[in-house]
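Chemist: curious how this folds, go ahead:
(chains A and B)
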Amino acid sequence: MYARALKPLALATAAVSALAFTMIFFWAPLDADQGFIQKIFYLHVPMAIVALLGFLAAGVMAALHLRTRDRRWDIRSYVAVHLSIILAVGVLVTGSIWAKASWGHWWVWSEPVLVSFLITFLLYAVYQPLRFSIDDPGRQARYASVFAIAGAAFTVLNFVAVRMAEAYTHPRVFSQTGGNMPPRMFVTFLVSLAAMALVFATLWTLELASKSASERVRRARRRREREADRAELASTARAGQPPATAPTVSASS
Amino acid sequence: MTASGQPQTAARGARRQVGAARAGLAILRKDLRAELRAREAVPAMALFSVTAFVLFHFGLDRARLEGDVAAGVLWVTILLATVLAVNRLFVAEREQGGMEAMLLAPIDRTAIVLAKAAALFVFLAALEVLAVPAFGLLLLGGDLIGALPELAALLAVADLGLAAVGALVGALAAETRAREVIGPLILLPLVVPLAIAGVNATEPLFAPAGGPAELGRWLGLMGLYASVFMLMSVAVFDFLLED
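Modeler: Numbers count the residues shown, from 1 in each chain, chains lettered A, B, ... in the order given. So this is what the prediction gives:
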């Protein structure tokens, strides 16, 4: 069911990403203060927004899992968390590079979005250890869902708290540029955001397609083994030999 | 028929509610009695806190702390000590079969999470009664008595939030294979907002010159945190118990 959506999604992702890269490097104006390094903004901020929405979406899917008891929602939630963690690493790395270039330090505590991301990342980094240290599959799904719901609520609270801690001490870069960004920059940003969202959607669909395919393969293999066992049993019964005698015969010869 | 049926269901509903409150109180009483007899959580937390103060004294190489450093040391110590209680909160139930007994009993499961959160709240309050004076004695350079009313209000609201989040995390981690590791790793990022609010609100209280206290703002944040996690714990706790 996921594989059918994969091809159009992948094509759209390739097209929009190519468009975004072209716009970033050939159409968007160079930032007057920061120069070329400002272009990392088109990667960093969309990544952050998509990762954040991914965590929130994972919480919603987890709630749907608990409500409907449909295991597929748990798998969807898991894949969304998993991809968002990868994007969060990207956010931290690109944010760090940007901070080094424009403020001279690899890490700044005065940028609330970056700090919130670090805390959120530290929390979600425990999602997989928690999930895979529970053996029972049903319980694993339920506990992971509870974690994802708590994590989504926490992500919002955490952003509020970190923003409150920094609110009056430091003006934020994004709100400065966001308010009076030149239209070309803003359009490029929107296209980059769409590209990042499509990348996320494609990877999400791809991983789900692969998971459902391997699940189906596993089920088919189990069915085939069962059928083979049954056929063997039937053939030995037809030959008039009870199956238990076969090993003793071969051992004595 | 229907007229007589309605009051009957209402009465049954009321009886169930009383049952939940009574069951919760019974579990809370059991936890507090176990703590009074075995003295597992609070003495360990208090000892941990005093040891942490000693470590901070040498780590920071200061005899007396003031302002933001003092607030930070106090709050970080309390939040870290919380880990000890959260780790123990459900372990005894799992190890000694208390959980099965509670699940078999015909009680509302909300009672279990509320009782566990209440027990954690009591443990934290007891810890703070011991740890805050110890902090004032050992490290604080400022005036503890003057700061006490505000500090008590902050700690009380923070304890509500810690109790809610601690009950949830304790239940989550209790079922995992590496629960002593998983529990703290989940809990510590989750309490960062409380650390932010606590330190920012306490900093002017411990500053020598005093400062503009924005108590309401930080109490509001802590209250929001406590209510969100309390509601969420009650909402999702059923799913952690069913088997």
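Chemist: what sits up against stretch B:91-100?
Modeler: If you take Cβ atoms under 8 Å, 6 or more residues apart in numbering or on different chains as the criterion, stretch B:91-100 is touched by B:34, B:90, B:102, B:174-175, B:179, B:241. In this view, the C-beta of every residue, glycine as well, is placed from N, C-alpha and C.
Chemist: the same query, at a cut-off of 10 Å, please.
Modeler: B:27, B:30-31, B:34, B:38, B:40, B:90, B:101-103, B:112, B:116, B:170-171, B:173-175, B:179-180, B:183, B:241, B:243 (Cβ atoms under 10 Å, 6 or more residues apart in numbering or on different chains).
Chemist: okay, buried residues for stretch B:42-58 please.
Modeler: B:42, B:44-46, B:48-50, B:52-53, B:56-57 (16 or more other Cβ atoms under 10 Å in any protein chain shown).
Chemist: ok, those vs A:Leu56, which is closest?
Modeler: Of all the buried residues of stretch B:42-58, B:Met45 has the smallest distance to A:Leu56: 34.6 Å, by Cβ to Cβ.
Chemist: on that earlier part again, in helices only, show me the contacts of stretch B:91-100.
Modeler: Per DSSP state H, helices hold the following members of those: B:27, B:30-31, B:34, B:38, B:101-103, B:112, B:116, B:170-171, B:173-174, B:179-180, B:183, B:241.
Chemist: quick one on the thing from earlier: any of the contacts of stretch B:91-100 buried? List them.
Modeler: Using 16+ other Cβ under 10 Å as the burial test, the contacts of stretch B:91-100 include B:27, B:31, B:40, B:90, B:102, B:112, B:116, B:170-171, B:173-175, B:179, B:183 as buried.
Chemist: also near chain A: which of the ones in helices among the contacts of stretch B:91-100, exactly?
Modeler: B:171, B:173, B:179, B:183, B:241 (Cβ under 10 Å from any Cβ of the partner chain).
Chemist: now, the most widely separated pair of those?
Modeler: B:Gly183 and B:Leu241 (17.3 Å).
Chemist: can you put the ones next to chain A among the ones in helices among the contacts of stretch B:91-100 in CSV and add pLDDT?
Modeler: Formatted as CSV, those follow (pLDDT from 0 to 100):
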residue, pLDDT
B:Ala171, 88
B:Ala173, 87
B:Arg179, 77
B:Gly183, 89
B:Leu241, 79
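Chemist: what's the helix or strand for the closest residue in space to B:Ala52 that isn't next to it in sequence?
Modeler: In this structure, B:Ala52 finds its nearest non-sequential neighbour in B:Thr77, 4.5 Å apart by Cβ to Cβ, 6 or more residues apart in numbering or on different chains. Taking DSSP states H and E as the criterion, B:Thr77 maps to helix B:67-89.
Chemist: how about B:Arg62?
Modeler: Using DSSP H and E, no helix or strand contains B:Arg62.
Chemist: one more: B:Leu185?
Modeler: Applying DSSP H and E, one finds B:Leu185 within helix B:179-190.
Chemist: please report how far A:Arg219 lies from A:Ser210.
Modeler: 15 Å (Cβ to Cβ, to the nearest Å).
Chemist: looking at these two, which has the bigger crowd around it?
Modeler: Higher neighbour count among A:Arg219 and A:Ser210: A:Ser210, with 14 against 10, using other Cβ atoms under 10 Å in any protein chain shown.
Chemist: returning to that earlier point: who are the packing partners of the helix holding B:Thr77?
Modeler: When contacts are defined as 3 or more Cβ pairs under 10 Å, 6 or more residues apart in numbering or on different chains; DSSP states H and E, helix B:67-89 sits against helix B:2-38, helix B:42-60, helix B:110-138, helix B:144-174, helix B:179-190, helix B:192-206.
Chemist: and these as TSV, adding distance to A:Ser96?
Modeler: Formatted as TSV, the helices and strands packed on helix B:67-89 follow (distance: least, Cβ to Cβ, whole Å):
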stretch	distance to A:Ser96
helix B:2-38	45
helix B:42-60	27
helix B:110-138	35
helix B:144-174	29
helix B:179-190	19
helix B:192-206	19
